[in-house]
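Undergrad: Just need the structure, nothing else, for what follows:
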Amino acid sequence: MSSSPLSKKRCMPKPDPKPGSSHSPADLVPAEAPTAPGKGMAKNGSEADIDEGLYSRQLYVLGHEAMKRLQMSSVLISGLRGLGVEIAKNIILGGVKSVTLHDQGTAQWTDLSSQFYLQEEDIGKNRAEASQPHLAELNTYVPVCAYTGPLTEDFLSSFHVVVLTNSSLEEQLRVGEFCHNQAIKLVVADTRGLFGQLFCDFGEEMVLIDSNGEQPLSAMVSMVTKGSPGVVTCLDETRHGFESGDFVSFTEVQGMSELNSSPPVEIKVLGPYTFSICDTTRFSDYVRGGIVSQVKVPRKINFKSLAKALGEPDFVMTDFAKFSHPPHLHIAFQALHQFCSQHGRLPRPQNQADATEMVGLAQVVNEASTPHVKQKTLDEELVQQLAYMAAGDLAPINAFIGGLAAQEVMKRQTRYDGQVAVFGSDLQEKLGKQRYFLVGAGALGCELLKNFAMIGLGCGEGGDIIVTDMDTIEKSNLNRQFLFRPWDVMKLKSDTAAAAVRQMNPQMNITSHQNRVGPDMERIYDDDFFCALDGVANALDSVDARMYMDRRCVYYRKPLLESGTLGTKGNVQVVIPFLTESYSSSIDPPEKSIPYCVLKNFPNAIEHTLQWARDEFEGLFKQPAENVNQYLTDPKFMERTLRLAGAQPLQVLEAVHRSLVLQRPQEWADCVSWACLHWHSQYADNIRQLLHSFPPEQLTSSGTLFWSGPKRCPHPLTFDVTNALHLDYIMAAANLFAQTYGLPGSKDRAAVTTLLQTVHIPKFTPKSGIKIHVSDQELQSASTSVGDSHLEKLKTMLPSPEKLPGFKMCPIDFEKDNDNNFHMDFIVAASNLRAENYDIPPADRHKSKLIAGKIIPAIATTTAAVVGLVCLELYKVVQGHQRLEVYKNGFINLALPFFGFSEPIAAPRHKYYDHDWTLWDRFEVKGLQPGGEEMTLKQFLDYFKTEHKLEITMLSQGVSMLYSFFMPPTKLKERLDQPMTEIVSQVSKRKLDRHVRALVLELCCKDDSGEDVEVPYVRYTIC
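TA: Numbers count the residues shown, from 1 in each chain. Have a look, this model is predicted:
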């Protein structure tokens, strides 16, 4: 948590207006002056440290240098309707220097359909002034004030970035020309119903440092030829991933050392493991080794001014199925501006006369356009559609365009009039009656709830939104989960988010839960719950949870809206019953794991040493304590442990023995001594033993050096109490070790230094005959049996639980986001010390936290854009479309930018006999007979043979095999006359829960010709 005061109104200080200027101090909303940041708070715009606790996930997207540049930017946002407030929200969360909100208009009823910080009581108030207090709460580091005067050149000159929304073309051109000449970055954004536009002018000298936002790639070199050009071959463990035109640099090349000192060179890819570089004919002969790393080379980009871009536009394609639309819409938006200028209003919703007039204006614009823009035949229907819905204002479109813009730096007087202008009142009524289940209230969940509130989902009679999330709010959430404030930290996410959106739309019917979705919660999320739903929206960060919800939606035949983000990348998938495939139908391959032997003895990358450090943490401070507690409290612990496979019984019992006998500390000094001894074991003795087994000059059977290629030859470290990294390890390890025993620790480095001088370090002598496995295959084939006599001896050495009454250890769960708990201190020190052993470049705390904590980089702009796309698909779901081509799955990367849309994949079709079926189909079998008795296994088998001409060869429920053709005759005879539920309970060894109304049964069948056939699952109802 920040220690700064949480001021709710903050105003960016402005210089006194120049004589003759058209604005005055009265135009700025008066607000409390921002209080100086407290200790640890970064002052935006200064050289102070960035608050990594708040911005951690965003930093993994942008990096520190880009974040510092962002904190130097003063931003003006003009137009505070739905789009403007969306952009402002994202920019303020991002952490710019300051934001000024500009709007000279007053809040109207139509604004309430998308402007989430305006309430009914704000009608008639200035939009910027009404929104300012709410936006100022989003980020206490960013001063936010409102300005209601005109946009004069004097006023504009004080900003680094100007964003125009809801502005006339005349104003865009005037402001655009001034900004272009003054090197002020300009973004023009606009949404009209389902249409939107975005223009960026970042000047004539913009330097692009990173073209794709991806982490630089690296690979290990196995060969470099002498030639013109030279050819580099990488180790065939993984593809290098480079592209032609990339620039790379080399390090650690032996022999051809000229490459190590050469500037970045451009490459041409020859294959997945090879690429060519510069002329290497004059270089020395390559011997071995080397790392090649991608280098991001800055380049200049020249942007056109708005006036020039109107005649010579460069379009970014977002939907290749609508390849011809951008130039026609470019003309149509200019015609729309002319219509507004002539009539002082937008075209009326669905008004044919206004639409016809706008088509005529578009024809005039087209005829007067430059050859680069002029269309041979104007798409009049597209222009009409824009006219029909130009008065509309949709929250999802604003969220999408608003996310993009921030990343680039309705007479009935109801709050939904802007939406009704596009879709009509029938859809609005349907939206209000929807019952939706939102799983997750994190970044995606907050954005979804905001959009649900704006579009009126579940806000009518009979409607409801049920949101569940078991997590509490952390400081790092505040940077992108915009429904939360600093004073909400440690509160439940679902409750807080529900309360926040009720403020946005008092008509919201919302229920908050704190449950983790999964099989253990099916007594709550049961048949009655799912049958009452209209759909599900996932906002999850776990693939397993996503797949579980996907299975639930397939079973209950409910639409599912699935989405996800990773930094600037995002995706949207819509799942429609009986129409599309499900989320689980096509999933990403599993993440590649690091081989055990690489982690244990042969690391070659910082990712390896960080994973090793995480394993060390678990193996020192969590698993031993858990095993000790089980040994002391569970009478069956020993029996269960001895049944473990391989060497696991020995490893577990040795760890318990160490914890209770050999290494049990009595005081803080013992913990320091343990940490010092463990340091020497890991970073000196074990390395010496490894080098004794495999000396540096050892050759393999093929005559090559053993320590070559991916195997880096290590060297032992010598402990030095004056080395900060060495002492960091001792401090962290000793304090964590003390915590596991409930002993007090210490942060006094000087006192620990004194204690270390008394620790006796025994001399290490390498042992002969120690077997060190060089590959996981060798490890798996090795014998790991442990003699019973050794285990029995170890058992007798353990103190009996009766001799330790009340003793309990404290297992430590790894928590990456607390900087005061020594967890990351240990990980960073342990990893970098091991990296030093193997001459691997170390990682700072920021990078170590990303890798070891498995953090998913995130930024508010991507989340907003993705959720906007989700809610556009939601409109279609509620409308009930049943044509596949209507729906769109989306893939975006805001860093490029790239936008791709495609039809969802149809559910794959299968067939038995003449019956077509998909994953949405199943057999429905009623378990209860007319007389009230339940169907037996024999009756079930006979039913399928009689009704479906299918012979069941195997029948299962979950992991329980209920029947198979190879079952022993005695067991089969016993089961045939048993009721189905009785067999399930018997085999699974648990009674069916009361909420269970049906069982899912899987079948293997043969048709009447004896051929195996694939068939749907069975829904066997029991009540």
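Undergrad: tell me the contacts of residue 713?
TA: Neighbour list for residue 713: 691, 696, 707, 838 [criterion: Cβ atoms under 8 Å, 6 or more residues apart in numbering]. Bear in mind the C-beta positions are built from the backbone N, C-alpha and C, glycine included.
Undergrad: Which residues are in contact with the closest residue to residue 357 other than its chain neighbours?
TA: Excluding the flanking residues, the one nearest residue 357 by Cβ to Cβ, 6 or more residues apart in numbering is residue 339, at 6.8 Å. The contact partners of residue 339, taken as Cβ under 8 Å, 6+ apart, are 346-347, 354, 357-358, 361, 387.
Undergrad: between those residues, which is nearest residue 556?
TA: Using Cβ to Cβ, residue 387 comes nearest to residue 556 of these, at 41.6 Å.
Undergrad: from memory that closest one sits against residue 355, does it?
TA: Yes - using Cβ atoms under 8 Å, residue 387 makes contact with residue 355 at a distance of 3.9 Å.
Undergrad: which neighbours do these two share?
TA: Residues within reach of residue 387 and of residue 355 at once, by Cβ under 8 Å, 6+ apart, are residue 347.
Undergrad: Name the residue in those two with the higher neighbour count.
TA: Set residue 387 next to residue 355 and count neighbours by other Cβ atoms under 10 Å: residue 387 wins out with 31 against 22.
Undergrad: A strand includes residue 154, no?
TA: No - with DSSP: H, G, I helix; E, B strand; the rest coil as the criterion, residue 154 is helix rather than part of a strand.
Undergrad: can you list contacts of stretch 928-943?
TA: Contact partners of stretch 928-943, identified using Cβ under 8 Å, 6+ apart, comprise 925-927, 952, 955, 962-963, 975-981, 983, 1020-1023.
Undergrad: chain center to that stretch: distance?
TA: Stretch 928-943 sits 48 Å away from the centroid of its parent chain (Cα atoms, centre = their mean, to the nearest Å).
Undergrad: Stretch 110-123 too?
TA: Per Cα atoms, centre = their mean, the centroid offset for stretch 110-123 relative to its chain is 31 Å.
Undergrad: What residues sit buried inside it?
TA: Under the neighbour-count criterion of 16 or more other Cβ atoms under 10 Å, stretch 110-123 has 110-119, 122-123 buried.
Undergrad: can you map out the helices along the stretch 51-200 of the chain?
TA: 52-62, 64-70, 82-94, 127-136, 153-156, 169-181 (DSSP state H, counting those that start in this stretch).
Undergrad: what packs against the shortest one?
TA: Helix 153-156 is packed against helix 169-181, with contacts defined by 3 or more Cβ pairs under 8 Å, 6 or more residues apart in numbering; DSSP states H and E.
Undergrad: And the helix it packs on, what's buried?
TA: Buried residues in helix 169-181 (16+ other Cβ under 10 Å): 169, 172, 174-180.
Undergrad: likewise stretch 358-372?
TA: 358-359, 361-363, 365-366, 369.
Undergrad: Then stretch 965-976?
TA: Buried, per 16+ other Cβ under 10 Å, within stretch 965-976: residue 975.
Undergrad: Report the distance from that stretch to the chain centre.
TA: With Cα atoms, centre = their mean, you get 50 Å for stretch 965-976.
Undergrad: Show me the contact partners of that stretch.
TA: Against stretch 965-976 from outside (Cβ under 8 Å, 6+ apart): 936-938, 953-954, 962-963, 983.
Undergrad: try 10 Å this time
TA: Applying Cβ atoms under 10 Å, 6 or more residues apart in numbering, the contact partners of stretch 965-976 are 936-941, 951-954, 961-964, 982-983, 986-987, 1004, 1006.
Undergrad: re the thing from before, quick one: which of the contacts of residue 713 sit in helices?
TA: residue 691 (DSSP state H).
Undergrad: now the contacts of residue 713 as CSV including neighbour count and pLDDT?
TA: Shown next, in CSV, are the contacts of residue 713 (neighbours: other Cβ atoms under 10 Å; pLDDT from 0 to 100):
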residue, neighbour count, pLDDT
691, 17, 95
696, 11, 93
707, 20, 93
838, 20, 96
